[in-house]
Every structure is written in structure tokens, then in C-alpha cells.
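Undergrad: got a structure for you, letters missing:
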């Protein structure tokens with residue numbers, strides 16, 4: 001089985017490669033400078049689009065701060081008002097202008113609030129009271145973005161800790177309903193809370209997420225990486241790419257000098273496509289850009305040159321518009337990526 005490792009190039013050869021015209025794709029560079037060797041698990045060939053994207057857009061569009069409780073004054077009426085204000089076409093224009101290859105949106109996270117209707121909601125969470133929207137924002141975004149060549153992807157949390165087997169099964173039915181409704185318009189799932197107790201439960205979740213599209217990619221997030229020298233391994237053989245959550249520590253790729261082991265080298269990282277996710281603002285879904293352009297560009301390029309892709313989490317206004325400072329920085333990043 002196969003993994004690709006970056007070959008050492010002479011400084012002259014590397015300089016010549018990196019100064020190639022912008023029309024030369026990063027994928028071509030990778031194909032010329034990685035070799036195949038046997039590893040335990042093959043990389044899913046369907047992850048090629050994610051590797052070739054090199055970067056993508058991710059957002060936490062929620063009724064609350066990510067990983068926090070729902071505010072006491074939030075109601076289903078207010079949530080529907082926010083979701084109904086999302087200007088899908090204008091957002092699509094922005095993503096097209098910055099050249100975003102793909103886009104992830106949160107369907108929901110905590111408190112039972114979701115931006116897409118679902119008939120299986122009540123057995124899991126009780127009376128919806130507007131917490132599950134009438135508008136299917138995910139479906140509308142897919143209709144807008146996919147024809148533009150922007151792959152539509154979604155975030156959802158696993159909820160294996162529910163108190164009864166019937167509620168767990170009802171939640172899986174919720175996932176199946178969304179997956180079957182959206183079908184092939186969805187290219188990837190990013191599953192938070194992906195620490196599941198048994199291999200059978202990973203299979204149950206994977207089957208539900210892939211019910212509408214067997215080729216959709218899936219990653220299970222088991223917590224932040226980069227906080228220790230130990231590598232965050234794939235959660236299950238059933239996933240396709242590394243969830244790669246990072247927050248206050250940005251991981252790098254290379255060889256560990258004390259044991260010569262590979263450190264987050266891609267594109268095949270233990271069977272997963274190498275991928276990182278971090279926030280461009282001060283935290284998930286909020287704040288002005290925290291990094292100078294040079295760092296955003298440099299870390300993205302470093303990861304790309306080792307076969308990986310970075311998803312940048314960016315806050316949106318309630319109406320779905322990218323704030324000006326983030327839009328400018330992403331445009332700088334996109335223009336930079338197109339130079340190598």
C-alpha cells in the first residue's frame with residue numbers, strides 16, 4: 001500500500017519549481033516530488049480534490065458561540081430570522097471572487113438548533129419550537145455554490161452519549177434524512193465529537209453520513225492536534241481525511257530529529273488525506289484576523305508542499321456576508337496560492 005513522502009530537492013531545483021508560472025497546478029508539483037512506498041492503508045483516491053484544493057473556507061454559523069451554551073434570550077423565532085437573512089447569492093459571489101475551492105458550514109452544534117429542517121427531530125430533541133429552521137440553508141447553498149465549481153461540505157456533531165438506544169437511532173435517522181436529501185451535492189462531512197466507543201458505532205455513523213452519497217468524504221474529530229509531540233492518529237479506518245483541528249498550536253510537517261519519525265507528512269497520513277482546520281479570527285467563528293498575511297500564506301504553503309490542505313474558519317455576519325478584513329486576507333491567500 002502507498003504513502004507519498006517529500007523528496008529532498010536541491011535549492012536550485014526547488015527554487016525553479018516554486019517560481020513556475022501560476023498556471024502550473026500544485027497537484028503537478030506534488031506528483032513530481034513525491035514517491036510511493038508501502039504503508040498499512042491506502043489513501044482514498046477520492047480525496048484528490050481535497051488535496052488539490054490546497055485551502056478552503058469553513059464557518060461556524062450558529063445561534064451561539066462555538067462550544068458554548070445557547071444564550072438565554074435565543075428563541076426559534078430569532079434563529080429562523082437569522083437563517084432567513086442569509087444572502088446566499090451574495091455569499092456565492094464572494095466565494096467566487098476569492099476563488100474558494102470548497103465551503104463547510106455547520107448544520108448545528110448545541111442546544112438542538114439546526115439550519116435545515118428534519119422530520120426526525122422530535123424523537124431526539126422534543127418539540128422543535130423553531131429550533132430547526134423552515135429554510136434549508138444547506139440545500140440552497142449547494143444549489144448556489146456547486147454550479148460555480150465550489151464543493152459544498154457540512155459539519156455536524158456526533159451524539160453517541162444519548163441516554164437511550166432509541167434516541168441514538170433517531171439521531172442516525174436525522175443524519176440519513178439530511179444525507180439522502182442532499183445526495184451528491186455534498187462532498188464532505190466533518191464530524192465533531194468523533195470519539196465513539198465501538199467500531200460498530202463508527203460504522204453506523206459512517207453508513208448514515210454516506211446514505212445519500214457513497215463517495216462523500218468523512219472525518220471524525222477527536223480533539224485538537226499539535227499540542228504535544230505525539231501525533232493525532234485517525235479515529236477509524238472508515239474516515240477519509242484527517243479532521244485536523246488546531247487552535248493555539250499550528251502543526252508543521254517534517255521529520256522528528258530525536259527519532260527520525262515522520263511528523264504530519266502527507267498526502268497519506270496513516271490512511272487519511274493530510275488536512276488541518278483552524279480559525280482565521282480570534283476564535284472559531286469570531287473576531288478580526290489574528291495572523292499577518294505572511295503567516296497565513298507561509299503555513300498554507302508549507303502544508304501544501306507536504307501534501308496537505310488547510311481549511312480556514314472565518315466568521316460570517318448574520319446575513320452570510322464575509323467581513324471586509326477577512327475577505328481581504330482570503331483574497332491575498334488565494335492570489336498567493338495561485339503563484340506556486
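TA: Now that the structure is in, tell me what you want to look at. From a predicted model like this one, the values you see are computed outputs, not experimental measurements.

Undergrad: So which residues of the stretch 1-150 of the chain form strands?
TA: For the stretch 1-150 of the chain, the strands defined by DSSP state E, counting those that start in this stretch cover 3-6, 34-37, 55-59, 102-106.

Undergrad: Show me where the stretch 151-300 of the chain has its strands.
TA: Using DSSP E, counting those that start in this stretch, strands in the stretch 151-300 of the chain cover 151-157, 186-192, 217-220, 254-255, 262-263, 268-269, 272-273, 275-279.

Undergrad: mind listing the helices for the stretch 151-300 of the chain?
TA: For the stretch 151-300 of the chain, applying DSSP state H, counting those that start in this stretch gives helices covering 165-182, 199-209, 293-305.

Undergrad: circling back to that earlier point, show me the one of the strands of the stretch 151-300 of the chain that comes nearest residue 171.
TA: Judged by C-beta to C-beta, the one of the strands of the stretch 151-300 of the chain that comes nearest to residue 171 is strand 151-157, at 9.8 Å. Just so you know, the C-beta spots here come from the backbone N, C-alpha and C atoms, and that holds for glycine as well.

Undergrad: Tell me which other helices or strands the closest one touches.
TA: Strand 151-157 sits against strand 102-106, helix 137-145, helix 165-182, strand 186-192, with contacts defined as 3 or more C-beta pairs under 8 Å, 6 or more residues apart in numbering; DSSP states H and E.

Undergrad: What are the contacting residues of the first one?
TA: It refers to strand 102-106. Contact with strand 102-106 is made by 49-50, 53, 56-62, 95, 115, 137-138, 141, 145, 150-156, 187-188, 190, 311, as judged by C-beta atoms under 8 Å, 6 or more residues apart in numbering.

Undergrad: which of the residues you listed count as buried?
TA: The neighbour-count test (16 or more other C-beta atoms under 10 Å) marks 49-50, 53, 56-62, 95, 115, 137-138, 141, 145, 150-156, 187-188, 190, 311 as buried among these.

Undergrad: who's in contact with the residue nearest to residue 332 when sequence neighbours are not counted?
TA: By the measure of C-beta to C-beta, 6 or more residues apart in numbering, the closest residue to residue 332 outside its immediate chain neighbours is residue 293, 5.0 Å from it. Residue 293 is in contact with 329, 332-333, counting by C-beta under 8 Å, 6+ apart.

Undergrad: what do you get for residue 182?
TA: Residue 182 makes contacts with 138-139, 142, 152, 154, 212-213, as judged by C-beta under 8 Å, 6+ apart.

Undergrad: Same question for residue 196.
TA: Shown in contact with residue 196 (C-beta under 8 Å, 6+ apart): 158, 160, 202, 205, 220, 235-236.

Undergrad: Determine the number of other residues adjacent to residue 198.
TA: Residue 198: 9 surrounding residues under other C-beta atoms under 10 Å.

Undergrad: Apologies, that question was intended for residue 292.
TA: 10.

Undergrad: next one: residue 234
TA: Neighbours of residue 234 (other C-beta under 10 Å): 19.

Undergrad: Where in the chain is the helix or strand with the lowest mean pLDDT?
TA: Within the chain, no helix or strand scores below strand 3-6, which has a mean of 36 by mean pLDDT, DSSP states H and E.

Undergrad: picking up where we left off before, what would the strands of the stretch 151-300 of the chain look like in JSON lines with distance to residue 303 and mean pLDDT?
TA: Below are those laid out as JSON lines (distance: least, C-beta to C-beta, whole Å; pLDDT from 0 to 100):
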{"stretch": "strand 151-157", "distance to residue 303": "18", "mean pLDDT": "97"}
{"stretch": "strand 186-192", "distance to residue 303": "17", "mean pLDDT": "98"}
{"stretch": "strand 217-220", "distance to residue 303": "16", "mean pLDDT": "98"}
{"stretch": "strand 254-255", "distance to residue 303": "11", "mean pLDDT": "88"}
{"stretch": "strand 262-263", "distance to residue 303": "12", "mean pLDDT": "90"}
{"stretch": "strand 268-269", "distance to residue 303": "11", "mean pLDDT": "96"}
{"stretch": "strand 272-273", "distance to residue 303": "12", "mean pLDDT": "98"}
{"stretch": "strand 275-279", "distance to residue 303": "6", "mean pLDDT": "98"}
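
Undergrad: Of those strands, which is nearest residue 304?
TA: The closest of those to residue 304 is strand 275-279. By C-beta to C-beta, the value is 10.9 Å.

Undergrad: mind checking how far the closest one is from the chain centre?
TA: From the chain centre to the centre of strand 275-279 is a distance of 7 Å (C-alpha atoms, centre = their mean, to the nearest Å).

Undergrad: just checking, what packs against it?
TA: Against strand 275-279 (3+ C-beta pairs under 8 Å, 6+ apart) you get strand 309-313.

Undergrad: contact partners of the strand it packs on?
TA: By C-beta under 8 Å, 6+ apart, the residues outside strand 309-313 that reach it are 50-51, 53-60, 104, 244, 273-281, 284-285, 296, 299-300, 303, 330, 333.

Undergrad: can you check stretch 204-212 too?
TA: With C-beta under 8 Å, 6+ apart as the contact definition, stretch 204-212 has outside contacts at 158, 160, 172-173, 175-176, 178-184, 186, 189, 191, 196, 216, 218, 220, 236, 238-239.
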